[in-house]
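Q: the amino acid sequence is not available; the structure is as follows:
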């Protein structure tokens, strides 16, 4: 479907009235609408990315940046640091757990909800959705209370698992699981709603035909719904991958009440550590460029391959 | 009593239908799984909202989901105010201020941009759309350190602008506006207006904007939601505690008191209940907005906004 062009087929009287220069001027009107947005995009998205690139080659050993003085030494410092391998291993393990668990459970719950549409589904969806309001420090705070056997409503479960105090629960080996539990609590309701919305948009005729052919709810889910919403699964996969790599508040704050959370645990914490503990902004920029690259590649992949966002189609 | 009778017969009929569809074992699995996750999502929320109703010993000894007393909320709130003469209020004010200013600027910038992308074709349009899509899906925290370096260059670190400026770039708002106008603005109206000699600014003012009311509500919700809980950005940009927003302030408060670490001695009456209340204060506005706007958020692809 083509969008109206700004090469407006206005009647001749307008043209003669305004003259040729006015017509030329008109061509620039769309850019006037866009100008503030493009400036914001430059200054708060593309610009900082480019500036980080510049900084990554700057030397900060004398406190002020000397541009291009560092060569690639910041990259060697950042990527050669023993913590660099560690933070990516940590976050890699976290992804390995959180992504399949997250996608699997979101699929399961959304399909179960969609088996019985109507009021039950609406109420349950809301219950699953509301924890999305809890993010950042509030989320970590709540997590600490839930993981602490002395205060937790899940204390029975925790003690059955052999945990006596928060120092038993929050240890390096459980962290990827804890972050998965916390992340799914706050992040999955929205995805369940998206998937549910996607099933709703499937053609009624197809579903009815399937029912008439004797296809039960499980078969419908497996053979029709899942294949048809595959773009949404891809969409979630890519965004959750890219988003979970960017973890910051959770590992930064979970150790506040006890337990053992190494710092830096995640790549963004390592960037923070280089910048604010060591004053090496060059190395911090080198780390953040990787995070940025992961984000951009993932975003590009969603747009290019999922067919959910089609810039040209409209 | 007829209504309850019809209701129960409705439930029975609906259950029978379900059993026919997926069998007894299927229904059992269906109910057990959904219920399990009601507990997983619901219990922590219930606990959070009940926790400030109990004092510290009660939190440890009473059943975790028991309600204490209503008066305790007031006590806990007064205790929160003790810290630096009510600095919590300053943080809440800052949070509202940052969120509100970001909201106004981000909408003022995004709506015209999304509108013109929808109604006009011009060289470079696809480039703008593609960069909008890419930046919109870029996780916010990927840019925090680069933004800090830039704000540092301009001397804006530790000012409110270091928090507000990054938030006024709202590519998701542009994308939603673009989708909204491509699907809801009839082509004929625009053409007719153009034939009448209406220029693009007048078109936007008299045709585009009047149609935008539901769109503005949705964008305001998303912008609010993105910025109210912003932690990593303000945490990096601000070091004056008078400029903190609620998340950064509360985090500092919790880290600096004995609420969660009994061994860390301070005289402040800030314990678990007060910590939980601070969580409630952060969460409550979003919960309210969530419930009000749920139907908009759940409708279709609009939900892509919520970056975890």
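A: Yep, that arrived. Just so you know, these numbers come straight off a predicted model, no measurement behind them.
Q: and for residue 217, the neighbour number?
A: No chain was given, so I picked chain A. Residues lying near residue A:217 (other Cβ atoms under 10 Å in any protein chain shown) number 21. Any C-beta I mention is one placed from the backbone N, CA and C, and that applies to glycine too.
Q: please go with chain B instead
A: If you count neighbours by other Cβ under 10 Å, residue B:217 ends up with 13.
Q: please, which helix or strand holds it?
A: Using DSSP states H and E, residue B:217 maps to helix B:213-228.
Q: averaged pLDDT, that helix. What do you get?
A: For helix B:213-228, mean pLDDT rounds to 85.
Q: how far off centre is the following helix or strand past it?
A: Downstream of helix B:213-228, the next assigned helix or strand under DSSP H and E is helix B:232-237. With Cα atoms, centre = their mean, to the nearest Å as the basis, helix B:232-237 stands 17 Å off its chain's centre.
Q: got phi/psi on residue A:66?
A: Backbone geometry at residue A:66, expressed as degrees, to the nearest 10, gives phi -110, psi 110.
Q: is it true that residue A:67 touches residue A:60?
A: No: here residue A:67 does not reach residue A:60: they are 10.6 Å apart, not a contact under Cβ atoms under 8 Å.
Q: tell me which of these two has more neighbours.
A: Each of residue A:67 and residue A:60 has its neighbours counted (other Cβ under 10 Å); residue A:60 has more, 22 against 10.
Q: tally of neighbours for residue B:134?
A: By other Cβ under 10 Å, 22 other residues sit near residue B:134.
Q: and what of residue B:201?
A: Per other Cβ under 10 Å, the neighbour tally for residue B:201 reads 13.
Q: could you do residue B:9 as well?
A: Using other Cβ under 10 Å, residue B:9 has 10 neighbouring residues.
Q: also residue B:196?
A: By the criterion of other Cβ under 10 Å, residue B:196 has 11 neighbours.
Q: what of residue B:269?
A: Neighbours around residue B:269, by other Cβ under 10 Å: 18.
Q: contacts only, for it.
A: When contacts are counted by Cβ atoms under 8 Å, 6 or more residues apart in numbering or on different chains, residue B:269 touches B:79, B:82.
Q: just say helix, strand or coil for it.
A: What DSSP: H, G, I helix; E, B strand; the rest coil gives for residue B:269 is coil.
Q: so the nearest residue to residue A:149 once chain neighbours are set aside is in which element?
A: Leaving aside its chain neighbours, residue A:149 sits nearest to residue A:158 (4.5 Å; criterion: Cβ to Cβ, 6 or more residues apart in numbering or on different chains). Taking DSSP H and E as the criterion, residue A:158 maps to helix A:155-160.
Q: any part of the helix or strand immediately after that helix in the chain near chain B?
A: Next helix or strand after helix A:155-160 toward the C-terminus (DSSP H and E): helix A:166-169. No: on the criterion Cβ under 8 Å from any Cβ of the partner chain, helix A:166-169 is out of touch with chain B, staying 9.1 Å away.
Q: which strands or helices does helix A:166-169 pack on?
A: helix A:136-147 (3 or more Cβ pairs under 8 Å, 6 or more residues apart in numbering or on different chains; DSSP states H and E).
Q: report the central residue of the chain.
A: No chain was given, so I picked chain A. Nearest residue to the geometric centre of chain A (Cα atoms, centre = their mean): residue A:243, 3.0 Å.
Q: the chain in question should be chain B.
A: Centroid-nearest residue in chain B, with Cα atoms, centre = their mean: residue B:225, separated by 2.1 Å.
Q: surely that one meets residue B:289?
A: Yes: taking contacts as Cβ under 8 Å, residue B:225 lies within contact range of residue B:289: 6.9 Å.
Q: contacting residues around residue 139?
A: If you meant another chain, say so; for now it's chain A. Taking Cβ under 8 Å, 6+ apart as the test, what residue A:139 contacts is A:182, A:185-186, A:249-250.
Q: wait, chain B was what I had in mind.
A: By Cβ under 8 Å, 6+ apart, residue B:139 lies in contact with A:242-243, A:245-246, A:295, B:307.
Q: check residue A:164 too.
A: Taking Cβ under 8 Å, 6+ apart, we find residue A:164 in contact with residue A:149.
Q: what's the separation between residue A:103 and chain B?
A: Using Cβ to the nearest Cβ, to the nearest Å, residue A:103 is found at 13 Å from chain B.
Q: again, but for residue A:100
A: On the measure of Cβ to the nearest Cβ, residue A:100 and chain B end up 16 Å apart.
Q: can you check the pLDDT for that residue?
A: On the pLDDT scale, residue A:100 is placed at 96.
Q: count the neighbours of it for me.
A: Using other Cβ under 10 Å, residue A:100 has 12 other residues around it.
Q: which helix or strand contains it?
A: Per DSSP H and E, residue A:100 falls inside helix A:82-115.
Q: also residue A:233?
A: Assigned by DSSP H and E, residue A:233 belongs to helix A:230-245.
Q: ok, and does that helix reach over to chain B?
A: Yes: Helix A:230-245 lies within reach of chain B by Cβ under 8 Å from any Cβ, at A:235, A:239-240, A:242-245.
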